[in-house]
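> A predicted structure for the sequence below; I have some questions about it.
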Amino acid sequence: MSKTYFTKEHEWVTVSGDEGKVGITDYAQHALGDVVFVELPDIGKKLAKGAEAAVVESVKAASDVFSPVTGEVLAVNAAIVDQPSLINESPEEGAWFFTVRLAALDEIGEMMDRAAYDDFLKSLE
Amino acid sequence: MSPDLAHTPLHHLHLELGARMVPFAGYEMPVQYPSGILAEHLHTRQAAGLFDVSHMGQARIVGRDRVAALEALIPGDIQALAAGRIRYSQLTNEQGGIKDDLMVTNAGDHLFLVVNAACKTADIAHIKAGLAGMATIEVAADRALLALQGPLAATVLARLAPEVAVMDFMTWRAVDISGIACLVSRSGYTGEDGFEISLPDDRAEEFARRLLAEPEVLPIGLGARDSLRLEAGLCLFGADIDETTTPVEAALTWSISKRRRIEGGFPGAAVVQRQLAEGMTRKLVGFRSLDKAPARAHTAVIDAAGQSIGLITSGGFGPSVGAPVAMGYVTSAFARSGTPVRLLVRGTPRDAVVADLPFFPHRYRKS
């Protein structure tokens, strides 16, 4: 069983067991515009919750992606490095950024589920 | 958005077109439309793009001694500028630095200027003081400015005004287009063929809608305007050139005629003349990255030993080049095209080479 959680910084993490798969939301990709470059963390890197984990660059600007959870990087998605436009096309499915071994499962409780995130987006309008 | 921001005459049209509006130089301006910067950039290189640049400053200089009076403020050769022709120049300071860059048109009985939005108030005051009573500057506050750029710009505009088809690059003429008194310049800021059209602000929306109704034309925001000018190697005031950079350092010596180089007579002429004679310590060049990481403004340029040798002043992904491109200053020893350098992007040295400008060839109309 997996479940997806969201942050106010528009990252998502899909949790299965003690593994989390991290990406950015459709709202985030839309705000960024056309993504032309992505820099991912090294495998094995230990990320703290809220720390800079990756960089996405649109034509206009570079933006940090923060890790929504604490943990060690297990794998990164080479496909989005080769083809950054996947982040615009499929932000919440194919274009995941990295997976982590979760070090603090209680952090999940601090995030929003889909319904709460959708309400949060409505509050931004 | 801040209520202090000014609007151009096309504000309602931008909102209707779904533009993302941002504050820029005191105005609320469209940074992109729903198609996005990448598509807008590529469309301009392939067909025709319409840009609202009404935030820029437009002014007339009148008076019998207007040519000599303006030459006292800029290194550009206005004496040699025939009626109906346009020249690019700079307002310089006493150190030879650039207060702003501008377009000067000889409009027959007056000179017509276009200056940067962020500088326009300061420019007008500076010019007014500098003309020293020899001539008078009148701000054309009631005029909008649109740019139509791209390989099909001439096809489109000639459909409405056939006489523009024969205009040469960097020429100007007054043209009545559908009953609107337009001042048409064959010039632009994209490296493509195209026009800048000055027109009464109360007719601007109607005219913009007329152009957008043509199948070749899409609205283009400031985001693509920046990526287009960067690929074309055209300086952005406030980024690549400012009060601390001279026209010689900025590789703009082509804009200073032999007579002006010899005679001087503009602010900072002694500095410019000395740099022309003895060389300068740094120069504006292009950089091509050898990997995919864009190097943006304020990125350090270092040599193989890690020593700082310069600074990126603008940079990003070049959609038509298909790779990151940047402009910036390096110490003269490294300014030769092909010189390997490193760009320190978020602490990581990235290999790059000094490259000739432009990155994307200019496709101006040849006479």
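Here it is on my side, so go on. Residues are numbered from 1 along each chain as shown, chains lettered A, B, ... in the order given.

> ok, and the closest non-adjacent residue to A:D34?
Once its chain neighbours are removed from consideration, A:D34 has its nearest residue in B:L38; the separation is 3.9 Å (CB to CB, 6 or more residues apart in numbering or on different chains). Every C-beta, even on glycine, is put in place using the N, C-alpha and C of the backbone.

> what residue is smack in the middle of the chain?
Here I'm looking at chain A. Averaging the C-alpha coordinates of chain A gives a centre point, and the residue nearest to it by CA atoms, centre = their mean is A:G23 (2.5 Å).

> what sits against that residue?
Listed by CB atoms under 8 Å, 6 or more residues apart in numbering or on different chains, the contact set of A:G23 reads A:11-12, A:91-92, A:95-97.

> What segments of chain A are helices?
Read by DSSP state H, chain A holds these helices, from start to end of the chain: A:26-32, A:78-82, A:86-89, A:114-124.

> quick one: contacts of the lengthiest helix in chain B?
Among the elements of chain B assigned as helix by DSSP H, the one spanning the most residues is helix B:120-131. Defining contact as CB under 8 Å, 6+ apart, one finds that helix B:120-131 is touched by B:56-57, B:59, B:61, B:63, B:66, B:69-70, B:72-73, B:91, B:99-100, B:102, B:113, B:115-116, B:137, B:139.

> Now the buried members of those.
Among the contacts of helix B:120-131, those classed as buried by 16 or more other CB atoms under 10 Å in any protein chain shown are B:56-57, B:59, B:61, B:63, B:66, B:69-70, B:73, B:91, B:99-100, B:102, B:113, B:115-116, B:137, B:139.

> Restricted to strands, list the residues you listed.
The members of the buried ones among the contacts of helix B:120-131 that map onto strands under DSSP state E are B:57, B:59, B:61, B:91, B:99-100, B:102, B:113, B:115, B:137, B:139.

> For the spatially closest residue to B:A270 that is not a sequence neighbour, give me its contacts.
Across the structure, with CB to CB, 6+ apart as the measure, the residue nearest B:A270 apart from its sequence neighbours is B:G264 (7.0 Å). Neighbour list for B:G264: B:270, B:272-273 [criterion: CB under 8 Å, 6+ apart].

> ok, of the residues you listed, which one's closest to chain A?
Out of those, the one with the shortest distance to chain A is B:V272. That distance is 34.1 Å, counting by CB to the nearest CB.

> isn't the closest one right up against B:L252?
No - B:V272 is not in contact with B:L252 according to CB atoms under 8 Å; the separation is 10.2 Å.

> what about residue 14, how many neighbours?
No chain in the question, so chain A it is. 17 (other CB atoms under 10 Å in any protein chain shown).

> wrong chain, I was asking about chain B
B:H14 sits with 21 neighbouring residues when counted by other CB under 10 Å.

> Check B:E16 too.
Number of residues near B:E16 (other CB under 10 Å) recorded here: 11.

> Now do the same for it: its pLDDT.
At B:E16 the predicted local distance difference test score is 98.

> Enumerate every residue touching it.
Applying CB under 8 Å, 6+ apart as the definition, B:E16 turns out to have no contact partners.

> Can you read off the backbone torsions of it?
As for B:E16, its main-chain torsions (degrees, to the nearest 10) stand at phi -60, psi -30.

> how about stretch B:175-195 against chain A, any contact?
No - when contact is scored as CB under 8 Å from any CB of the partner chain, no part of stretch B:175-195 falls within range of chain A; the minimum is 14.5 Å.

> any chance you could map the helices in the stretch 151-300 of chain B?
The residue ranges that make up the helices of the stretch 151-300 of chain B, judged by DSSP state H, counting those that start in this stretch, are B:153-160, B:204-212, B:222-231, B:258-263, B:269-278.

> Turn these into a markdown table, columns for mean pLDDT and mean neighbour count.
Supplementary listing: these in a markdown table, determined by pLDDT from 0 to 100; neighbours: other CB atoms under 10 Å in any protein chain shown:
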| stretch | mean pLDDT | mean neighbour count |
| --- | --- | --- |
| helix B:153-160 | 98 | 19 |
| helix B:204-212 | 98 | 18 |
| helix B:222-231 | 98 | 26 |
| helix B:258-263 | 98 | 14 |
| helix B:269-278 | 98 | 16 |
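
> Which among those helices is found nearest to A:S85?
Between A:S85 and the helices of the stretch 151-300 of chain B, the tightest spacing by CB to CB is seen for helix B:222-231, at 15.7 Å.

> In chain B, spot the strand with the most residues.
Of all the elements of type strand in chain B, the one with the most residues (DSSP E) is strand B:308-318.

> That one - contacts with which helices or strands?
Contact partners of strand B:308-318 among helices and strands, from 3 or more CB pairs under 8 Å, 6 or more residues apart in numbering or on different chains; DSSP states H and E: helix B:222-231, strand B:282-289, strand B:300-302, strand B:323-331, strand B:340-345.

> Could you list the contact residues of chain A toward chain B?
Residues of chain A found near chain B (CB under 8 Å from any CB) are A:33-34, A:36-37, A:39, A:55, A:57-62.

> same thing but at 6 Å, please
Selection of chain A residues close to chain B by CB under 6 Å from any CB of the partner chain yields A:33-34, A:36-37, A:57, A:59-60.

> Any chance of those in JSON lines with pLDDT and neighbour count as columns?
As requested, these are arranged in JSON lines below (pLDDT from 0 to 100; neighbours: other CB under 10 Å):
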{"residue": "A:G33", "pLDDT": "93", "neighbour count": "19"}
{"residue": "A:D34", "pLDDT": "94", "neighbour count": "24"}
{"residue": "A:V36", "pLDDT": "96", "neighbour count": "26"}
{"residue": "A:F37", "pLDDT": "96", "neighbour count": "20"}
{"residue": "A:E57", "pLDDT": "96", "neighbour count": "23"}
{"residue": "A:V59", "pLDDT": "91", "neighbour count": "26"}
{"residue": "A:K60", "pLDDT": "85", "neighbour count": "23"}
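
> if we can go back for a sec, looking at the helices and strands packed on strand B:308-318, which is closest to chain A?
Among these, helix B:222-231 comes nearest to chain A, with 5.1 Å by CB to the nearest CB.
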